[in-house]
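[1] predicted structure and sequence below. I'll ask about it afterward.
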Amino acid sequence: RNGTQLLICAAYDMFQNRPLTLSERFAVTTKPKRRHGGKRDERAVLPNRVELAIGMHVMVTFNVETDLDIANGSRGEI
C-alpha cells in the first residue's frame, strides 16, 4: 500500500533445528476451544509463507533464542 517492497518467504516449522514431527505439527495446529456447554478442538491454520516488508514492526510471541535476546515480547523492525 505504501510502495514498500514485500518479501515473501517459505515458512518452515522447526524446533531445535529440526523439522516438527507429525504429532508436534498436530499439537501446534490444534487448539482447544470451548463452545456453549462443551469442548471442541478447532484446527488452526499455520501459513505456508510469511510476508514481510522493510520497515515492518514485528514482535516475538515465544522464546526463540534467549541467549540472543530473541524472546517472548521482544520487538523489532525488519
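    Here it is on my side, so go on. Everything numeric here is computed off the predicted structure, so don't read it as measured data. Numbering: from 1, shown residues only.
[2] Ser74: neighbouring residues, count only.
    By other CB atoms under 10 Å, 15 other residues sit near Ser74. Just so you know, the C-beta spots here come from the backbone N, C-alpha and C atoms, and that holds for glycine as well.
[3] list the contacts for the nearest residue to it once chain neighbours are set aside?
    Among residues not flanking Ser74 along the chain, Val60 sits closest, at 4.4 Å (CB to CB, 6 or more residues apart in numbering). By CB atoms under 8 Å, 6 or more residues apart in numbering, Val60 lies in contact with Ile70, Ala71, Asn72, Gly73, Ser74, Arg75.
[4] switch the cut-off to 10 Å
    Residues in contact with Val60, defined by CB atoms under 10 Å, 6 or more residues apart in numbering, are Asp69, Ile70, Ala71, Asn72, Gly73, Ser74, Arg75, Gly76.
[5] ok, so of the residues you listed, who is nearest Phe26?
    Asn72 (23.0 Å; CB to CB).
[6] that closest one contacts Glu65, doesn't it?
    No. In this structure, Asn72 is not within contact of Glu65 by CB atoms under 10 Å, at 11.5 Å.
[7] and Arg18, how far is that from Arg49?
    To Arg49, Arg18 is 21 Å away according to CB to CB, to the nearest Å.
[8] kindly apply the preceding question to Thr21 instead.
    22 Å.
[9] A helix includes Phe26, no?
    Yes. Assessed by DSSP: H, G, I helix; E, B strand; the rest coil, Phe26 belongs to a helix.
[10] circling back to that earlier point, by neighbour count, which of the contacts of Val60 wins?
    Ser74 (15 neighbours).
[11] so what's that residue up against?
    Counted by CB under 10 Å, 6+ apart, Ser74 has contacts Val58, Met59, Val60, Thr61, Asn63, Val64, Thr66, Leu68.
[12] sort out for me which of those residues are in strands.
    Taking DSSP state E, the ones among the contacts of Ser74 that sit in strands are Val58, Met59.
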